[in-house]
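> Give me a 3D structure for the following:
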Amino acid sequence: MKKIDFKKEFKHLYRPSAKRVVEVEVPELSFLMVDGRGDPNTSQEYQEAMGALYAVSYSLKFMVKNVKQVADYAVMPLEGLWWTEDMSQFSVEKKHRWQWTMMIMQPEYVGQELVTQALAEVEIKKNPPALSKIRFESCHEGLSAQIMHIGPYSEEPPTIEKLHQFIAEKGYEPRGKHHEIYLSDPQRTAPERLKTVIRQPMGE
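Model (predicted):
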């Protein structure tokens, strides 16, 4: 049976153009989430969050395939919501002030009951430090602007500025949190080839 790739199923959300900002309507989607704060490059809390999210996501993948007899699927990429209490202080030079929610999207046939079972299974097998911080929650961003950034994370500011300029030109204002989707593994991909979807919900 062919493995499902939800990045292709939701191509308009996970494969935007790198040349221009596009407007999208993001539906309600379900995620495993972990909250934290601090510089992702140095924070142990951040590393622990990723470890727990992937452990539970892979557990769910195998449970869906073996228990629910649904087609196998590829685990979705890591995503992050980023903000500071005072958004005027949100900058790449002040990462220690960042707050974040790291998350991985789950297919529609994953529900709370299955998540609870997966959490229990992972606790027995691995019990990663951030396991107790995981929650299963839906997120509905609605009308948003997004663009693909190709290159190092440190070089995102011009791309983000382009995104916000598009929002202003459309007569909207940013709302919600800065959203990034990490399509590349930074441990296996050269910095100049990293692909990151940058998304910002917007409204009047």
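> ok, how many other residues are close to Phe31?
21 (other C-beta atoms under 10 Å). Where you see a C-beta, it was placed from the backbone N, CA and C, and this is true even at glycine.
> swap in Tyr182?
17.
> cool, and Met102?
Counted with other C-beta under 10 Å, Met102 comes out at 25.
> If I look at the nearest residue to it once chain neighbours are set aside, what pLDDT would I see?
The shortest distance from Met102 to any non-neighbouring residue, by C-beta to C-beta, 6 or more residues apart in numbering, is to Ala49 (4.8 Å). We have a pLDDT of 96 for Ala49.
> quick one: Ala49 and Leu131 touch, right?
No: counting by C-beta atoms under 8 Å, Ala49 stays clear of Leu131, with 10.1 Å between them.
> These two: which is more packed in?
Applying other C-beta under 10 Å to Ala49 and Leu131 shows that Ala49 carries more neighbours, namely 27 against 19.
> ok, the more buried one - contacts?
Val34, Gly36, Met102, Ala130, Lys133 (C-beta atoms under 8 Å, 6 or more residues apart in numbering).
> Quick check: it vs Tyr109, distance?
25 Å (C-beta to C-beta, to the nearest Å).
> cool, His178 as well?
30 Å.
> where in the chain is pLDDT low?
The chain contains residues with pLDDT under 70 at 1, 68, 86-94.
> Let me see the ranges of the helices in the protein.
Using DSSP state H, the helices of the chain run over 6-9, 11-14, 44-66, 112-125, 157-169.
> Sounds good, over and out.
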